[in-house]
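K.L.:
below is the structure, and that's it, no one-letter string:
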């Protein structure tokens, strides 16, 4: 999935109950194993939320991780194509502030 597709979704999701990207939510059917359902139900009870809200948040978090992974791959490929010069960042050494 491209970074642009993930960006457009993640930055438009408003976490409201009935809308996402300005559209009504849809009901979807999922098949999950019993142990996972029990774990989700336990988390839902502890958090005081619903399965749907929990799942929306989990899926959104997964999409955010995918976006970060895609950006990291892009960054890594950029440095593979054009590696940093030996002393390229040496001028910034004095700018680093390490707390005690």
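P.N.:
Received it, and whenever you're ready, just let me know what you need. All values derive from a computational prediction rather than experimental measurement. Residues are numbered from 1 along each chain as shown.
K.L.:
okay, the residue sitting nearest the centre point of the chain: pLDDT?
P.N.:
Compute the mean C-alpha point of the chain, and by C-alpha atoms, centre = their mean the closest residue is residue 64, 1.2 Å away. You'll see residue 64 listed with a pLDDT of 94.
K.L.:
cool, and residue 94?
P.N.:
pLDDT, residue 94: 77.
K.L.:
what of residue 52?
P.N.:
pLDDT at residue 52 comes out at 92.
K.L.:
residues contacting it?
P.N.:
If you count contacts by C-beta atoms under 8 Å, 6 or more residues apart in numbering, residue 52 has none. Where you see a C-beta, it was placed from the backbone N, CA and C, and this is true even at glycine.
K.L.:
give the buried residues for whichever helix or strand it is part of.
P.N.:
For residue 52, the host element (DSSP states H and E) is helix 51-81. By neighbour count with 16 or more other C-beta atoms under 10 Å, helix 51-81 contains the buried residues 55, 56, 63, 67, 70.
K.L.:
which one among those residues gets closest to residue 91?
P.N.:
Using C-beta to C-beta, residue 70 comes nearest to residue 91 of the buried residues of helix 51-81, at 30.3 Å.
K.L.:
other SSEs contacting the helix or strand residue 39 falls within?
P.N.:
Under the criterion of DSSP H and E, residue 39 resides in helix 34-47. Judged by 3 or more C-beta pairs under 8 Å, 6 or more residues apart in numbering; DSSP states H and E, the packing partners of helix 34-47 are helix 51-81.
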